[in-house]
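Trainee: Have a look; sequence and predicted model below, questions after that.
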Amino acid sequence: MAFFTHHICRGLSSSAVRHVVIKNVTIIGGGQMGAGIAQVAASTGHAVTLVDTNEDILKKAVKGIEGNLKRVVKKKFADKPEAGEEFLQKAMQNVSISTDAGSVVQGTDLVLEAIVENLKVKQDLFGGLDKVAPAHTIFASNTSSLSITDIASSTNRLDRFGGLHFFNPVPVMRLVEVIATSSTSQETFDSLLNFSKMLGKTSVSCKDTPGFIVNRLLLPYILDAVRMYERGDGSKEDIDIAMKLGCGYPMGPFELSDYVGLDTMKFIMDGWSAANPDNPMFAQSEVLNKLVAEGKFGKKTGEGFYKYK
Ligand code: CAA
């Protein structure tokens, strides 16, 4: 890694709680979210190692990051192409890749996971890394719906474990939800808040509750739209237009579902409906189940509620 600075400094807040300055980040998972977080971290001066077990996914992620950064450069440095090129080069130099998380966590301040939404897989990952990562390293999960407390339970660093939940597309969405469990230390929480700020994001915090703030409100809203469509109350096109033009949302609920991924949405809703079988808010949707069963996950598979070229 090009550089590694780990030091404890005083936060600026009046509480003057100490926090770790996160400079060196390991991101596990080279999918849309992992690559998006890597892009933002690298372009804000962090040394990033993006890890995935699949080398092709990593190559695709790096290509995507470069392509997206070029878009940014074109806009931000329209009058200064040389400065733009320098920004691009620096950001790309900050990104390295690896297929072996255990071998790269030695010099890292933060391990952030954005892998499959499966509790056991996440617990196994962190349980293994807990044995090899330095003591000061903070672990965080980008889970959309699982409990941070449950994920952290496979480690012996409950005080250095939290949630950092980003939104898709990460370079554009300005929010990060920062989650502290009942065991997360103030120092860890402040370090995660400070890191989010360094990424240029606005952070909000909430308890380690299902879906945190955004997904807890967003998913029931989307599912209610799907139920309106199932009942024939309105077409999906009209419901999308209504929410865009009536509420100023950038996407209607069906467009957003296809963008987020119907498989992801179903996974989240299945977990909640299993935990709350009597709550109609989390009831199963036939249409959603059918589309997912047919492999129609949305934009990423070429078809979901809508078809994509
Ligand atoms: N990297 C950098 N810039 C990007 C980018 C990327 N990956 N993707 C888009 N952009 C930029 C574009 O360059 C463009 O910038 P300018 O306006 O300055 O030119 C801007 O973002 C808009 O992009 P586009 O013109 O390509 O497309 P658009 O105007 O239709 O916007 C959108 C696309 C930003 C996705 C917009 O439709 C939107 O905000 N949709 C809602 C997304 C949303 O709600 N996300 C949250 C999902 S929930 C979630 O993620 C949580 C979970 O756990 C499930």
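Mentor: Looks like it arrived, so ask away. Numbering: from 1, shown residues only.
Trainee: Leaving out sequence neighbours, find the closest residue to the residue in the stretch 201-309 of the chain positioned nearest to the ligand.
Mentor: With Cβ to the nearest ligand atom, the shortest gap between the stretch 201-309 of the chain and the ligand falls at residue 250, namely 3.6 Å. C-beta: built from backbone N, CA, C; applies to glycine. The shortest distance from residue 250 to any non-neighbouring residue, by Cβ to Cβ, 6 or more residues apart in numbering, is to residue 244 (7.2 Å).
Trainee: Now the longest helix anywhere in the chain: average pLDDT?
Mentor: In the chain, with assignment by DSSP state H, the single longest helix is helix 55-76. Model confidence over helix 55-76 averages 96 on the pLDDT scale.
Trainee: What residues of that helix count as buried?
Mentor: Neighbour-count burial for helix 55-76 flags 57, 58, 61, 62, 64, 65, 68, 69, 72, 73 (criterion: 16 or more other Cβ atoms under 10 Å).
Trainee: The stretch 101-250 of the chain: helices as residue ranges?
Mentor: Ranges of helices in the stretch 101-250 of the chain, per DSSP state H, counting those that start in this stretch, are 101-104, 119-132, 148-152, 186-198, 214-231, 236-247.
Trainee: The ones you listed into TSV, with extra columns for distance to residue 273?
Mentor: Below are the helices of the stretch 101-250 of the chain laid out as TSV (distance: least, Cβ to Cβ, whole Å):
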stretch	distance to residue 273
helix 101-104	32
helix 119-132	16
helix 148-152	18
helix 186-198	30
helix 214-231	10
helix 236-247	22
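Trainee: how about TSV for those, with mean neighbour count, distance to residue 166 and mean pLDDT added?
Mentor: Listed next are these as TSV, based on neighbours: other Cβ atoms under 10 Å; distance: least, Cβ to Cβ, whole Å; pLDDT from 0 to 100:
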stretch	mean neighbour count	distance to residue 166	mean pLDDT
helix 101-104	18	19	95
helix 119-132	16	16	97
helix 148-152	22	14	98
helix 186-198	21	9	97
helix 214-231	17	10	96
helix 236-247	15	23	98
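Trainee: And those helices: which comes nearest residue 20?
Mentor: helix 186-198 (4.4 Å; Cβ to Cβ).
Trainee: Mind giving me the packing neighbours of the closest one?
Mentor: Applying 3 or more Cβ pairs under 8 Å, 6 or more residues apart in numbering; DSSP states H and E, we find helix 186-198 packed against strand 18-20, strand 138-141, strand 161-165, strand 175-180, strand 202-206.
Trainee: by how many degrees do the third one and strand 175-180 diverge?
Mentor: Meaning strand 161-165. 160 degrees (axes from the mean of the first three to the mean of the last three Cα atoms, to 10 degrees).
Trainee: Now do strand 161-165, average pLDDT.
Mentor: 98.
Trainee: hmm, who's touching it?
Mentor: 112, 126, 138-144, 148, 151-152, 155, 176-181, 183-184, 188-189, 192, 195-196, 208, 212, 214 (Cβ atoms under 8 Å, 6 or more residues apart in numbering).
Trainee: The residue nearest to residue 250 against residue 254, yeah?
Mentor: No: assessed by Cβ atoms under 8 Å, residue 244 is found out of contact with residue 254, at 10.9 Å.
Trainee: For the residue of the stretch 201-309 of the chain closest to the ligand, give me the pLDDT.
Mentor: Reported pLDDT for residue 250: 98.
Trainee: That one and residue 198: what is the separation?
Mentor: 26 Å (Cβ to Cβ, to the nearest Å).
Trainee: for residue 262, same thing?
Mentor: The value you get for residue 262 to residue 198, if Cβ to Cβ is used, is 34 Å.
Trainee: so who does the residue most central in space within the chain touch?
Mentor: Nearest to the geometric centre of the chain sits residue 166, at 3.8 Å (Cα atoms, centre = their mean). Neighbouring residues of residue 166 by Cβ under 8 Å, 6+ apart: 33, 36, 37, 114, 142, 173, 175, 176, 201.
Trainee: ok, residue 301 touching residue 295?
Mentor: Yes: Residue 301 is within contact range of residue 295, at 6.1 Å (criterion: Cβ under 8 Å).
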